[in-house]
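In: fold the following.
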Amino acid sequence: MPTLDILDVSTTIGCNLSCKGCNHFSNYFSPVSKLDTDALIHDLEIILPRIDIGRISVIGGEPLLNPRCKEILNACRSYSSSPVYLYTNGLLLLQNEEWIREVLEDPRVYLRVSIHVREVYDILEQFNHPRVLVTEHSTNLSNQHTGKDKWFHSIKKRDGKVYPYNHNNISRSYKVCSCPNTQLYNGRLWKCPNTAFLRELLSVTEQSDDPEWQEYIVDGIPVDCSNECLTNFCKSTRIPEKVCNMCTSKPLHFSAGIQERTDRKVIITQ
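Out: Model prediction:
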C-alpha cells in the first residue's frame, strides 16, 4: 500500500488571523472562503483507505471556521485507522468545546493549538484539557526576529505581488521547507501547500497569467487515480522536485505573532 508521513486535510482555506508567512497563504484568503464539504467528505471516503498514513491533520486556514468541521474529522476517523490531529489557532475553541471534548475521547484524536495571539492563553486555561498539544511559536509573541521561530515567507512578496525565488537549489529549498506535507484539496492530492493553493493566491494578486509563474502551476493527482499513479506520487513527496525552486533556500525567520495587512478575497471551490 502507498504510504505518506502526513496528509493535511483542509476544511477551509480562510482564516480569522492573517499571520505573516502563513505557509498555506491563508493571510490572502477571506475568512468567509468556503470549500465544498460534501465533496471533501466524498474525497476522504475514496482516498483514505488507499494510503497508509502516519498522521492525518485536519487544518485550514482555521478549520473551526467550517461549521461542519466535526463531520470532516469524523470522516477521517471512519475511513482510516491513522491518528487524527485537529490543528487550530484556538480562538474558536470554546465555541466548539462540546464536540471537541467528545472526539478527544478517541485516543487516536489529538488537538494541537498553534499560538499566534495572546488571547489564546486565556482560552486554553478555560478549556483545560490534558490532551491539548500547544505550539508556542514565540515565547513573547514579539514583532522581533527571535531566531527561534520557524516561520518565513516561502515565496517573495513585493508591492502586493508574489514572485518565485528561483534560487536554483531545490535540495536546500526542500530541506528548509516549513510545510512539506501532502495536501488533500479540491479533489486532488498535492505535494505541498504552495502547489495546492498557488492558483488561488495568484488569483488574489491578479497574476494568474504572469509568465514567471507558469512553470510552477501544476496539477495534483485526482483521488481516484490509478494505483500506480498514487504509488509514484507518494514516493515523490519525499524528494525535492522542480516546483521546490519557487520557494526560498535561504529563509529569514520571524515571529509567528506578526499579523499582516494584505488584500484578502473570498475563495469558493466548486
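In: can I get stretch 256-270 as CSV, trimmed to CA atoms?
Out: Extracted in CSV, the C-alpha atoms of stretch 256-270 (Å, rounded to 0.1, in the frame of the first residue of the first chain):
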residue,chain,number,x,y,z
ALA,A,256,4.5,33.9,14.1
GLY,A,257,2.7,36.6,16.1
ILE,A,258,3.0,39.2,13.3
GLN,A,259,-0.3,39.9,11.7
GLU,A,260,-0.2,41.2,8.1
ARG,A,261,-2.4,43.5,6.1
THR,A,262,-3.0,42.0,2.7
ASP,A,263,-5.7,42.0,0.1
ARG,A,264,-8.0,39.1,1.1
LYS,A,265,-10.5,37.7,-1.3
VAL,A,266,-13.3,35.2,-0.9
ILE,A,267,-12.4,31.8,-2.4
ILE,A,268,-15.2,29.3,-3.1
THR,A,269,-14.4,25.9,-4.6
GLN,A,270,-16.9,24.0,-6.6
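In: stretch 167-174: how far from the chain's middle?
Out: 21 Å (C-alpha atoms, centre = their mean, to the nearest Å).
In: now that stretch: average pLDDT?
Out: What stretch 167-174 shows for mean pLDDT is 98.
In: and it, what's buried?
Out: 169-170, 172-174 (16 or more other C-beta atoms under 10 Å). In short, each C-beta sits where N, CA and C put it, glycine included.
In: same deal with stretch 78-89?
Out: Residues of stretch 78-89 classed as buried by neighbour count (16+ other C-beta under 10 Å): 79-80, 82-89.
In: could you dump these into a markdown table and include secondary structure?
Out: Shown next, in a markdown table, are these (DSSP: H, G, I helix; E, B strand; the rest coil):
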| residue | secondary structure |
| --- | --- |
| Y79 | helix |
| S80 | coil |
| S82 | coil |
| P83 | coil |
| V84 | strand |
| Y85 | strand |
| L86 | strand |
| Y87 | strand |
| T88 | strand |
| N89 | coil |
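In: helices of the stretch 51-200 of the chain, residue ranges please.
Out: 69-79, 97-103, 119-127, 170-176, 193-204 (DSSP state H, counting those that start in this stretch).
In: distance to H42 for the ones you listed - can I get that in a markdown table?
Out: Formatted as a markdown table, those follow (distance: least, C-beta to C-beta, whole Å):
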| stretch | distance to H42 |
| --- | --- |
| helix 69-79 | 9 |
| helix 97-103 | 21 |
| helix 119-127 | 32 |
| helix 170-176 | 32 |
| helix 193-204 | 18 |
